[in-house]
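A.B. asks: Let me see the structure of the following:
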Amino acid sequence: MKQYYDVVIIGSGFGGSITACRLAEAQKEKGKEVSVCVLERGKRYNMGEFPREVAKPKDWWWRKGGKCGWKGLMEFRSFENISVLVGSGVGGTSLVYLDVQINAFESTFDIIGPEGQRRWPSAIRGCSPEVSEGKGLDNMLPYYQRVFEMLRPSPIPDPTLKTRALKAGAEGAGASDRFKLLDLAIYWGNNGSEKGVLNEDPYGRGGPPQIACSYCGECYIGCNTHSKNTLDLNYLWLAQKAGAEVYSQHKVVKIEQNPDNHPVHPRGYTVHYENLRWNFSGSVSAKILILAGGSLGSTELLLQCKHGYKRRCKKVEPALPEISDMLGKYFSGNGDFGAGGFETNRAIDPMVGPTITATVDYGDKLDGHGFIIEDGGLPDILRANLRRLPVGYAAGRRWFDFLRKFLSRSGNTLLAQEIFNRLDFDAIRDAILYLVMGIDAADGVMSIDEEGNLEIDWNNKNSMDFFREIEKTLREITELKTGLDGNLMFNPTWSARRHLITVHPLGGCPMGDSDTKGVVDADGQVFNYPNLYVADGAIVPSALGPNPSKTIGALAERISEKIKEKGI
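C.D. replies: Prediction:
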């Protein structure tokens, strides 16, 4: 790693990979030496390297800041009323996301929050805050198209039993017109006719090799066949081909603005990191610094830089104290809500096929701030592992006991117990899982304690009408005899404690028209700190409704364009 770069990017998810690709390509096209560096805290996973042994928790979970070998694929963080699951590795959360590529609701960009403020900046909406219906979606369409062209999503060519079950439930509830197959960022292999076949260059851009999807259902535990079009296989791959440098197992711990007399980057930024592979610390300087560590990662880092904190009795002074006081505001779980229909009138087998394949779109409910219901799935890997243990399922109890204790570390013992008290793999052949998301109030607040650890104050009060409408609609889809004729069970964490689990955290560094309304402007640049950008889900100032990845990607495309216009 060099000491100085034109651009340093923290994180390699949608925001990091896209900005790395576009800025590296721009420098190369201009004939300049490419000077783009990406720092990623997680490991790189080549084909076949994702974990599969459930008895090796350190392969699965990111904990303790990556120390003591806890550098796994996923991080689970539990707060008072909400828990968050995110990915960790080169490619970010795309390694474990569920492939869906879908635009935000048209009404999303006109949202007014519970506080009475128009959430999205005027430059995105294409009009002043006083105008009730802007052109946000129209303005974002060119950037959505760029993401589409890179990820090449398309619907499942051979719908599974669970796909058909969701359609039947929609028809039984009188909502057949709301059902549709989703665009999924998956390599199908000649429209699904070549399942399991390796193609050295499936998209004609010089690789990498991918194996056509075999419907194994392992989308959210890392695709070992690289059938899923994760970002390390496209945007980041092309960034590296252009000359960008990507460093895995580099965890950023602090950023600070350079002084006026800095020899290379006056008023630029110095990034301090820990090399988790070789256990040493270092730093790198950048003219342009882009945070793309996700809603939790970017917000936590900036909160530490704004307020300072104490660590092991040592006080760390604020490094970026002029960041807007809006930092930490507008946290949202994107309305994530889980449920399942059991004892239905048909075989469903949720362990076959991509995790999500279709949706029933209720976006027009609640004055256009509604939700979508998607089918869910489970990988068969857990049951297969337990059967291989010396005494089968019984031996797996120790692993489940560990996981239960892990989820209980925040003190929510009863909550963790509820997650597992109905675990029965052989009872789900006729079960359909529901993954719901939509427009919650996005009024959570993120902060840090005196030691710099992230906290989230999340209250369901302003979102309760939204969740009640979801419950009502799920009952119609699941329980009517004209449809699935099953029994509905909500996520036990919701039923027991009104505790939500989200895989779509948003907000914390919201966009706004000024530093009194946001942390970054419409171009992603942090107010009061030129050339400091945030380009991930943290900048989203409201819930998006549908799966957020395509919108986050489109925003990153737009931010890249604006940086290039200023000169790179």
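A.B. asks: right, and residue 520 touches residue 527 too?
C.D. replies: Yes: at 6.8 Å, residue 520 counts as touching residue 527 under the criterion of C-beta atoms under 8 Å. Backbone N, C-alpha and C define where each C-beta goes, glycine included.
A.B. asks: Those two: who's more crowded?
C.D. replies: residue 520 (29 against 19; other C-beta atoms under 10 Å).
A.B. asks: For that one, what are phi and psi?
C.D. replies: phi -120, psi 160 (degrees, to the nearest 10).
A.B. asks: try residue 47
C.D. replies: Backbone torsions of residue 47, given as degrees, to the nearest 10, read phi -60, psi 130.
A.B. asks: Repeat that for residue 373.
C.D. replies: phi -120, psi 120.
A.B. asks: Mind checking what secondary structure the closest residue to it other than its chain neighbours has?
C.D. replies: Spatial nearest neighbour of residue 373, excluding adjacent residues (C-beta to C-beta, 6 or more residues apart in numbering): residue 360 at 4.5 Å. Recorded secondary structure, residue 360: strand (DSSP: H, G, I helix; E, B strand; the rest coil).
A.B. asks: doesn't residue 181 make contact with residue 360?
C.D. replies: No: between residue 360 and residue 181 there is no contact, the gap being 11.4 Å when judged by C-beta under 8 Å.
A.B. asks: Counting neighbours, go ahead and name the busier of the two.
C.D. replies: Legend: neighbour count by other C-beta under 10 Å for residue 360 and residue 181, higher for residue 360 (26 against 15).
A.B. asks: quick one: buried residues of the lengthiest strand in the chain?
C.D. replies: Longest strand in the chain by number of residues, with DSSP state E as the criterion: strand 280-291. Of all the residues in strand 280-291, those buried under the rule 16 or more other C-beta atoms under 10 Å are 284-291.
A.B. asks: what do you get for stretch 448-464?
C.D. replies: Neighbour counts using 16+ other C-beta under 10 Å place 448, 452, 454, 456, 458, 460, 463 of stretch 448-464 among the buried residues.
A.B. asks: Please apply the same query to stretch 441-450.
C.D. replies: If you call a residue buried by 16+ other C-beta under 10 Å, then stretch 441-450 has these buried ones: 441-444, 446-448.
A.B. asks: contact partners of it?
C.D. replies: For stretch 441-450, contacts defined as C-beta atoms under 8 Å, 6 or more residues apart in numbering pick out 82, 111, 113-115, 119, 296, 299-300, 303-304, 307, 309-310, 328-333, 454-459, 462-463, 466, 506-508, 541-543.
A.B. asks: I'd like the distance from it to the chain centre, please.
C.D. replies: Relative to its chain's centre, stretch 441-450 lies at 18 Å (C-alpha atoms, centre = their mean, to the nearest Å).
A.B. asks: How about stretch 451-470?
C.D. replies: The answer for stretch 451-470 is 18 Å, by C-alpha atoms, centre = their mean.
A.B. asks: Show the end-to-end separation of it, please.
C.D. replies: Terminal residues of stretch 451-470 are spaced 38 Å apart (C-alpha to C-alpha, to the nearest Å).
A.B. asks: try stretch 373-380
C.D. replies: Start-to-end span of stretch 373-380 (C-alpha to C-alpha) is 23 Å.
A.B. asks: quick one: contacts of it?
C.D. replies: Stretch 373-380 has contacts (C-beta under 8 Å, 6+ apart) with 100, 162-163, 165-166, 182, 216-221, 338, 340, 350-360, 362, 428, 432-437, 470, 473-474, 477.
A.B. asks: what about 7 Å?
C.D. replies: For stretch 373-380, contacts defined as C-beta atoms under 7 Å, 6 or more residues apart in numbering pick out 162-163, 166, 217-218, 221, 350-351, 353-360, 362, 432-436, 473-474, 477.
A.B. asks: Which members of those are positioned in helices?
C.D. replies: Of the positions in the contacts of stretch 373-380, 162-163, 166, 473-474, 477 sit in helices, assigned by DSSP state H.
A.B. asks: Reformat those as a markdown table; add pLDDT and distance to residue 210.
C.D. replies: Listed next are those as a markdown table, based on pLDDT from 0 to 100; distance: C-beta to C-beta, whole Å:
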| residue | pLDDT | distance to residue 210 |
| --- | --- | --- |
| 162 | 97 | 24 |
| 163 | 98 | 23 |
| 166 | 98 | 27 |
| 473 | 98 | 37 |
| 474 | 98 | 35 |
| 477 | 98 | 34 |
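A.B. asks: Break down the stretch 451-568 of the chain into its strands, ranges please.
C.D. replies: Taking DSSP state E, counting those that start in this stretch as the test, the strands found in the stretch 451-568 of the chain are 454-457, 487-490, 500-502, 532-534.
A.B. asks: which of those is buried the deepest?
C.D. replies: Looking across these with neighbours counted as mean count of other C-beta atoms under 10 Å, the highest average goes to strand 532-534: a mean of 27.
A.B. asks: Relative to the whole chain's centre, how far out is that strand?
C.D. replies: 18 Å.
A.B. asks: can you give me the mean pLDDT across that strand?
C.D. replies: In this model, strand 532-534 has a mean pLDDT of 98.
A.B. asks: likewise stretch 431-450?
C.D. replies: 97.
A.B. asks: Next: stretch 358-367.
C.D. replies: 97.
A.B. asks: For that stretch, what is the distance to the chain centroid?
C.D. replies: Offset of stretch 358-367 from its chain centre (C-alpha atoms, centre = their mean): 21 Å.
A.B. asks: which residues touch it?
C.D. replies: Stretch 358-367 is touched from outside by 105, 163, 166-167, 170, 175, 178-182, 370-375, 466, 469, 473, 477, 545, with contacts defined as C-beta under 7 Å, 6+ apart.
A.B. asks: Any stretches of this protein with poor pLDDT?
C.D. replies: For the chain, residues meeting the criterion pLDDT under 70 lie at 382-427.
A.B. asks: Helices of that one, residue ranges please.
C.D. replies: Secondary structure of the chain by DSSP H: the helices cover 14-29, 57-60, 122-125, 136-151, 161-172, 235-242, 294-307, 365-368, 381-388, 396-407, 413-420, 464-479, 492-497, 549-566.
A.B. asks: for these, which one sits closest to residue 70?
C.D. replies: helix 57-60 (5.5 Å; C-beta to C-beta).
A.B. asks: Quick one: list the elements packing against that closest one.
C.D. replies: Applying 3 or more C-beta pairs under 7 Å, 6 or more residues apart in numbering; DSSP states H and E, we find helix 57-60 packed against no helix or strand.
A.B. asks: Would you mind pulling the contact partners of that helix?
C.D. replies: 51, 53, 69-70, 72-74, 402.
A.B. asks: can you check stretch 477-496 too?
C.D. replies: With C-beta under 7 Å, 6+ apart as the test, stretch 477-496 has contacts from 165, 168-173, 338-345, 360, 373, 414-415, 418-419, 432, 471, 474-475, 499-501.
A.B. asks: repeat that with 8 Å
C.D. replies: With C-beta under 8 Å, 6+ apart as the test, stretch 477-496 has contacts from 83, 165-166, 168-173, 175, 337-346, 360, 373, 414-415, 418-419, 421-422, 430-432, 434, 471, 474-476, 499-501.
A.B. asks: Fine by me, we can end here.
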